[in-house]
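Trainee: Need coordinates for the below:
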Amino acid sequence: MQNKKRESLDGKNIVLGVCSSIAVYKAAELASALSRLGAGVSVVMTENAKKLVSPRIFQTLSRNKVHSSMWDEITDWKPEHISLAESADLLLVAPATANAIGNFAQGLAPDLLASLYLAATCPVLIAPAMNSAMYANPSVKRNIETLLRDGVKFVGPEEGSLACGTSGRGRLAEIGAIIDAAADILESSEN
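Mentor: From the prediction side, this is the model:
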């Protein structure tokens, strides 16, 4: 059943937003898995995410240019955040930081990813990853509730050991769970 469900990813255009959580290395595995399932993957990295992992990794795994700046030279007549938004069947942000979630919820557009979020008309799936105290913070909870009311879907975070040496809810959802959530959204958007 899961493999059948994952077939809904074949031929779909997924924009993968990558933020600067320590879980950023798992996003590379996610990009690779989505590509192997037949999805077209366009990666948008925040500037801080590029400080943790090289964009070349995502370029190689997705077989597409990695986008990160509002100020890159425009090769088409449309700015990247508009052209990416229009081509996307799904905007998937994994890992999503408290900063990105806050920007999305408040309608702020300080970077390419947040601008893309505001321009997107496709379904949005967010996979948070952060320290458990940050995730439990009332401000973060309010921002998540706002996004849920706006129709954004979430997967995770999971409970477990965190990179900061603590344990709690904040781990990025497992890659398989993220893929299944993406497939469910794409399958339901076709019906």
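
Trainee: C-alpha only now, for contacts and for neighbours.
Mentor: Fine.

Trainee: Next, give phi and psi for S161.
Mentor: Dihedral angles of S161 (phi, psi; degrees, to the nearest 10) stand at phi -70, psi 140.

Trainee: can you check N103 too?
Mentor: According to degrees, to the nearest 10, N103 has phi -60, psi -50.

Trainee: gap between it and A114?
Mentor: If you measure N103 against A114 using CA to CA, to the nearest Å, the figure is 6 Å.

Trainee: cool, and R56?
Mentor: 22 Å.

Trainee: can you confirm S42 is in a strand?
Mentor: Yes: counting by DSSP: H, G, I helix; E, B strand; the rest coil, S42 is part of a strand.

Trainee: Give me the distance from stretch 169-177 to the chain's centre.
Mentor: How far stretch 169-177 lies from its chain's middle: 12 Å, per CA atoms, centre = their mean, to the nearest Å.

Trainee: What separation do you get for A129 and V18?
Mentor: Going from A129 to V18 by CA to CA gives 11 Å.

Trainee: between these two, what contacts are shared?
Mentor: Contact criterion CA atoms under 8 Å, 6 or more residues apart in numbering; residues shared by A129 and V18: 94-96.

Trainee: show me where pLDDT drops low in this protein?
Mentor: 1-5, 69-81, 190-191 (pLDDT under 70).

Trainee: quick revisit: now the shared contacts of A129 and V18 as TSV including neighbour count?
Mentor: Shown next, in TSV, are the shared contacts of A129 and V18 (neighbours: other CA atoms under 10 Å):
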residue	neighbour count
A94	29
P95	29
A96	24
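
Trainee: Please dump those into a markdown table; it should also carry distance to G40 and secondary structure for every row.
Mentor: Below are the shared contacts of A129 and V18 laid out as a markdown table (distance: CA to CA, whole Å; DSSP: H, G, I helix; E, B strand; the rest coil):
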| residue | distance to G40 | secondary structure |
| --- | --- | --- |
| A94 | 16 | strand |
| P95 | 19 | strand |
| A96 | 20 | strand |
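
Trainee: so A85 touches A119, yeah?
Mentor: Yes: using CA atoms under 8 Å, A85 is in contact with A119, at 5.9 Å.

Trainee: Looking at these two, which is more packed in?
Mentor: A85 (21 against 15; other CA atoms under 10 Å).

Trainee: residues contacting the more buried one?
Mentor: 116-117, 119-122.

Trainee: With N131 instead?
Mentor: Counting by CA under 8 Å, 6+ apart, N131 touches 162, 164, 168-171.

Trainee: From the residues you listed, keep the buried residues only.
Mentor: With burial judged by 16 or more other CA atoms under 10 Å, the buried subset of the contacts of N131 is 162, 168-171.

Trainee: Looking at those residues, which is nearest I144?
Mentor: Closest to I144 out of the buried ones among the contacts of N131 is G170 (13.6 Å), distances taken as CA to CA.

Trainee: Against F104, how distant is the closest one?
Mentor: 19 Å.

Trainee: try P123
Mentor: Taken as CA to CA, the span from P123 to F104 is 14 Å.
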